[in-house]
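Q: Dropping a prediction and its sequence here:
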Amino acid sequence: MRTLSVILSAIVLTSATAHAQTPSGNAKSGAQLFGNCAACHSLTPNRNMTGPSLAGVWGRKAGTLASFDRYSPEIKASGVTWNGGTLNSWLANPAKFIPGNSMPFDGIDKPQARADLIAYLKDASAGPAPGASSGMGGMMGGGMKDLKKVGRDQQVRAVRLCRDSYFVTKADGTTAAFWESNLRFETDTSNLGPPSGTPAIMPAGMMGDRATIIFAAPEEIGRFIKHQC
C-alpha cells in the first residue's frame, strides 16, 4: 500500500508540474506579439501575403487553405491539425516540428509568449480578436490597404526611365524621382488591388527614398514604363 501511495503521489506531482509549465495565454498580450507576424500573415479570410492567412487557423489542417498556393510539400504532407499543442510546438521550433518546411522563422523560445500568441490566434479564429491586426497597412508593398481607395497623390499616371532614374508622375500632377534600385514593381490581383490601368505607389523604407508601384496585372508593367530622357 505504501508503494502504491508513493506512485500515486508521484503521478499527481508530475501532472501538477506539467500543468504549471504550460502557462495560460493572454490574448491581449498576444495581439501585440502578432504585430511581428503581420508582415507575412493577415487575419483577413483568404488575404494571403508571404504566408497564408491565419483567419480560421484554429482546427484547420496544415497546408489546406485553398486560396494559398505556396505551401511546401512538407507542410502538405505533415498531417498536422492546428490547435494549442501543435501551434505551441510549431512556434517553438518550426524546423524541428515539421522538418524541411519553408517557414523563414527560428521560433519563440519563451513559453509565455507562445501561450499568449496562441490564445490570440484562437480568439481571432472565432472572430475579431482584441487589438486585431490584419497586416502592415500598406507600409511594405500592397499590405492590407485597399489600393482602389488611395488618394490622387498615390495614383500613378506614368513612369519614365532615364538612365538610372525613374520619374513617376501621379494623378495629382506631381512627379517623384527614384534611383532605379530604389523603386520596386509588384502586382496585387486580389480584390484589394488597384484598378486596372491605375497602379498605386506606396512608400517603402524609412528614408523616403524608396517606393513600390503595385499594378493590377503583370502585363501592365511594361506598358507603363517608357524609356525617355
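A: Nice, I can see it. Residues are numbered from 1 along each chain as shown.
Q: show me where pLDDT drops low in this protein?
A: 1-22, 128-144 (pLDDT under 70).
Q: Swap in 50 and give it another go.
A: For the chain, applying pLDDT under 50 flags the ranges 1-20, 133-143.
Q: ranges for the helices of it?
A: Secondary structure of the chain (DSSP state H): helices located at 2-20, 27-34, 73-76, 84-92, 94-97, 111-126, 219-224.
Q: any chance of those in CSV, plus distance to Gln155?
A: Every C-beta, even on glycine, is put in place using the N, C-alpha and C of the backbone. Shown next, in CSV, are those (distance: least, CB to CB, whole Å):
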stretch, distance to Gln155
helix 2-20, 57
helix 27-34, 31
helix 73-76, 38
helix 84-92, 40
helix 94-97, 39
helix 111-126, 33
helix 219-224, 12
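Q: between the ones you listed, which gets nearest to Ser196?
A: Closest approach to Ser196 among these is made by helix 219-224 (7.4 Å; CB to CB).
Q: Can I get the closest one as PDB, trimmed to CA atoms?
A: Extracted in PDB, the C-alpha atoms of helix 219-224 (Å, rounded to 0.1, in the frame of the first residue of the first chain):
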ATOM      1  CA  GLU A 219       1.100  42.800 -68.300                       C
ATOM      2  CA  GLU A 220       0.600  46.400 -67.200                       C
ATOM      3  CA  ILE A 221       4.100  46.900 -66.000                       C
ATOM      4  CA  GLY A 222       5.800  47.000 -69.500                       C
ATOM      5  CA  ARG A 223       3.100  49.300 -70.900                       C
ATOM      6  CA  PHE A 224       3.600  51.900 -68.200                       C
END
